[in-house]
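Visitor: Below is the sequence, then the predicted model.
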Amino acid sequence: MRSFILCASMLALVGNSYAYNEDPHQVFSTSKNITNQTMVTWEAVDNVQAACEKGSHKRGYDGFNYPVEACSFWTKSTCHIITAKKVNFHTVGHEVRHCFQGAFHGNK
C-alpha cells in the first residue's frame, strides 16, 4: 500500500487564494478519505513557522517558502499537527482534514 509522507500547510497563507476563499462551512465528501483510521497528535507551539520549517526539514522537504499558521505531516496511519498555542476551530479542522484526505486543496 502506498505510504503518504506529505507536508500540508496551505492554511491562511498571506496572499494565497485558498486561505481567503475557503468557506469553513462548505461541505465535502468523506469518500475522498485516504484513510478512515489514523492517530492524530497535536503540538501547540510558540513559533509555528519555526516548528513547521523544522518538521519539514526533518522529513527531507525543503521547508516552506511562505508564512504558515499551521501544518501537518502524515503517513498512512499517523498524523502530526502543529499549531499556535492559541488557535481557532477552523485552523484545527483544516489540518485534521489533511490527516484524513492528504493534499485536498483544489479537490473540493
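Guide: Yes, it's here.
Visitor: all contacts plus neighbour counts: C-alpha atoms, from now on.
Guide: Fine.
Visitor: What are the buried residues along stretch 35-52?
Guide: 45, 48, 49, 51, 52 (16 or more other CA atoms under 10 Å).
Visitor: scratch that, stretch 90-104 is what I was asking about
Guide: For stretch 90-104, using 16+ other CA under 10 Å, the buried residues are 91, 92, 94, 95, 96, 98, 99, 100, 101, 102.
Visitor: Output that stretch as CSV - backbone C-alpha positions only.
Guide: Written as CSV, here are the backbone C-alpha positions of stretch 90-104 (Å, rounded to 0.1, in the frame of the first residue of the first chain):
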residue,chain,number,x,y,z
HIS,A,90,-11.3,26.3,11.6
THR,A,91,-7.5,26.0,11.6
VAL,A,92,-7.6,22.8,13.6
GLY,A,93,-10.4,21.3,11.5
HIS,A,94,-8.5,22.2,8.3
GLU,A,95,-5.4,20.4,9.5
VAL,A,96,-7.4,17.4,10.7
ARG,A,97,-8.9,17.1,7.2
HIS,A,98,-5.4,16.9,5.9
CYS,A,99,-4.8,13.9,8.2
PHE,A,100,-7.7,12.0,6.5
GLN,A,101,-7.6,13.4,3.0
GLY,A,102,-4.0,14.3,2.3
ALA,A,103,-3.4,17.2,0.0
PHE,A,104,-7.0,18.1,-0.7
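Visitor: Off-centre distance for that stretch?
Guide: Put simply, stretch 90-104 sits 5 Å off its chain's centre (CA atoms, centre = their mean, to the nearest Å).
Visitor: Give the rounded mean pLDDT of that stretch.
Guide: Per-region confidence: stretch 90-104 scores 86 on mean pLDDT.
Visitor: please begin residue numbering at 42 from this point
Guide: Okay, residue one is now 42; in that scheme the one you just asked about reads as stretch 131-145.
Visitor: Quick one: residues in contact with stretch 71-81.
Guide: Contacting residues not belonging to stretch 71-81 are listed as 117, 118, 119, 120, 121, 122, 137, 140, 141, 142, 143 [CA atoms under 8 Å, 6 or more residues apart in numbering].
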